[in-house]
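Asks: 3D, please:
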Amino acid sequence: MEKKILIIAGEPSGDLHGAYLVKSIKKIIPEAIFFGLGGYLMKKAGVEITQDTTKESTIGFIEAIKILPKVLKIYKELKELTLERNPDLLILIDYPEFNLFFAKFAKKANIPVVYYMPPTIWAWREKRAKKIAKRVDEVISILPFEKQIYDKYRVRSTYIGHPLIDIVKIGAKTEEIYKRLGIDNEAKLVGLLPGSRKDEVERLLPILVKTAELIKESYPKINFIIPLANNLSFGDIYKIVDRSELKGVGIKIAREENNYEIMDLCELLIVASGTATLEAMILNVPMVVVYKTNWITWLIGKSLVKLKYYSLPNIIAGKEIVPEMFQDKATPELIYREADKLLRDERIVKLQKENMEKAKSCIGDIGVIDRAANIVGNYLK
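Replies: Sure, this is the predicted structure:
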């Protein structure tokens, strides 16, 4: 018997996790039919995407206001479609403001709700757990310290580990990747990862290019590579930084099915705070984490977030294991200083790698996505 599942993922990282979850659910429930919000990867996995929300994803209070009219239109259209199709289950992935609002509607419509990749109540707005308890049937928890808070607010939750443990894999051999990219296999590479949201790329990419120029002055033989996020195009990059400027520094843009293979080739990653930092940690590649946003957004966030660290590797480790160059520290000169330490001093590299391995051991064992699929399956029997 056909099972209809509405799935909502509004961010590029949510699109990734949604795609893997859908594939795993189909293995145990072949008759499942998926529709909803997501991006290229979920579509490729067989989801009928009614709106590609990954192209409009943003972060920050000021930035979100700009896209509010479009988000409200998407909400209205999805609400109408949900009433028309009457799905058997709603799966929410990240995208908390939209998803929790939509969960309220789904609950009134008697649609069971499962939240995968739930809101970061451990970072800020812990009392959102009360709202989640009323609107969500079960939270699939991915970080060990999340479940304690959900238990405190009597939210039904199951800790399964982080799905990136399953996802981050290297397929091809090193020589094959170099050949495919058209790069000399003797070349040393530094990866530049400015994020996946267009607004953060616009803010961070010029800073990373200037940092690359400083590195090139000290290390003439180093080349640079930008592994392109699925929701971005070459044109998006060239609108921000001139093609000749990239070529002059030795920066190559790569569009690959498996960006993890590119990341793994690198001596160092200079990476925007977010999912990619956790991917780099799992790959055990040295990194400097950077971020810069609107100053109003930053000040509001600072007043609300109750964390000592902001990047996922440091949060999981409970200490600073990778440098965080945020806001006024996110300058080419200061980022270069941290990058130079990692390129020059093997002892610092060794320590960072050891700490990342320890942190990796805290986020679960292989089989995470299948565990999530089995939880979903219980709501479809």
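Asks: where does the chain have its least confident helix or strand?
Replies: Of all helical and strand segments in the chain, the minimum by mean pLDDT, DSSP states H and E falls on helix 295-304, at a mean of 62.
Asks: can you give me the strands in the stretch 201-350 of the chain?
Replies: 222-227, 251-254, 268-272, 287-291, 324-326 (DSSP state E, counting those that start in this stretch).
Asks: domain parsing for this protein?
Replies: 3-161+365-378, 174-360 (automatic domain parsing).
Asks: measure the first one end to end?
Replies: Using Cα to Cα, to the nearest Å, the gap from the first to the last residue of domain 3-161+365-378 comes to 12 Å.
Asks: go on, the last one?
Replies: Chord length of domain 174-360, first to last residue, is 23 Å (Cα to Cα).
Asks: that older thread, pipe the domains of the chain into a markdown table and attach distance to residue 168 and mean neighbour count per row.
Replies: The C-beta positions use only the backbone N, C-alpha and C, and glycine is treated the same way. Converted to a markdown table, those look like this (distance: least, Cβ to Cβ, whole Å; neighbours: other Cβ atoms under 10 Å):
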| stretch | distance to residue 168 | mean neighbour count |
| --- | --- | --- |
| domain 3-161+365-378 | 11 | 19 |
| domain 174-360 | 4 | 18 |
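Asks: if we can go back for a sec, of all the strands of the stretch 201-350 of the chain, which one is nearest residue 174?
Replies: strand 222-227 (13.8 Å; Cβ to Cβ).
Asks: isn't residue 99 up against residue 91?
Replies: No: between residue 99 and residue 91 there is no contact under Cβ atoms under 8 Å: 9.8 Å.
Asks: who touches both of these two?
Replies: 8, 115 (Cβ atoms under 8 Å, 6 or more residues apart in numbering).
Asks: rewinding a little: reformat the domains of the chain as TSV; add distance to residue 167.
Replies: What follows is the domains of the chain, written out as TSV (distance: least, Cβ to Cβ, whole Å):
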stretch	distance to residue 167
domain 3-161+365-378	6
domain 174-360	8
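Asks: report the rounded mean pLDDT for the longest helix seen in the chain.
Replies: What stands out as the longest helix in the chain, according to DSSP state H, is helix 61-85. The average pLDDT within helix 61-85 is 81.
Asks: which residues touch whichever helix or strand comes after it?
Replies: Along the chain past helix 61-85, the next helix or strand (assigned with DSSP states H and E) turns out to be strand 89-93. The list of residues contacting strand 89-93 from outside it, by Cβ under 8 Å, 6+ apart, reads 3-9, 14, 17-18, 21, 82, 99, 102-103, 106, 111-118, 136, 376, 379-380.
Asks: and the angle for strand 89-93 with helix 61-85?
Replies: Interaxial angle of strand 89-93 relative to helix 61-85 (axes from the mean of the first three to the mean of the last three Cα atoms, to 10 degrees): 170 degrees.
Asks: so for strand 89-93, mean pLDDT?
Replies: 98.
Asks: pairing partners for it, with directions?
Replies: strand 3-9 (parallel), strand 113-116 (parallel) (DSSP bridges).
Asks: tell me the spatial nearest neighbour of residue 364, not counting adjacent residues.
Replies: residue 161 (1.8 Å; Cβ to Cβ, 6 or more residues apart in numbering).
Asks: on the three-state scheme, that neighbour is what?
Replies: Put simply, residue 161 is coil when judged by DSSP: H, G, I helix; E, B strand; the rest coil.
Asks: what's the pLDDT at it?
Replies: Looking at residue 161, the pLDDT reads 96.
Asks: from residue 378, how far off is it?
Replies: 18 Å (Cβ to Cβ, to the nearest Å).
Asks: rewinding a little: could you dump the strands paired with strand 89-93 to JSON lines with mean pLDDT?
Replies: Converted to JSON lines, the strands paired with strand 89-93 look like this (pLDDT from 0 to 100):
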{"stretch": "strand 3-9", "mean pLDDT": "97"}
{"stretch": "strand 113-116", "mean pLDDT": "98"}
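Asks: redo these as CSV? Include distance to residue 171.
Replies: Shown next, in CSV, are those (distance: least, Cβ to Cβ, whole Å):
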stretch, distance to residue 171
strand 3-9, 24
strand 113-116, 25
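Asks: looking at those, spot the one closest to residue 337.
Replies: It's strand 3-9; of those, that one is closest to residue 337 (Cβ to Cβ) at 37.1 Å.
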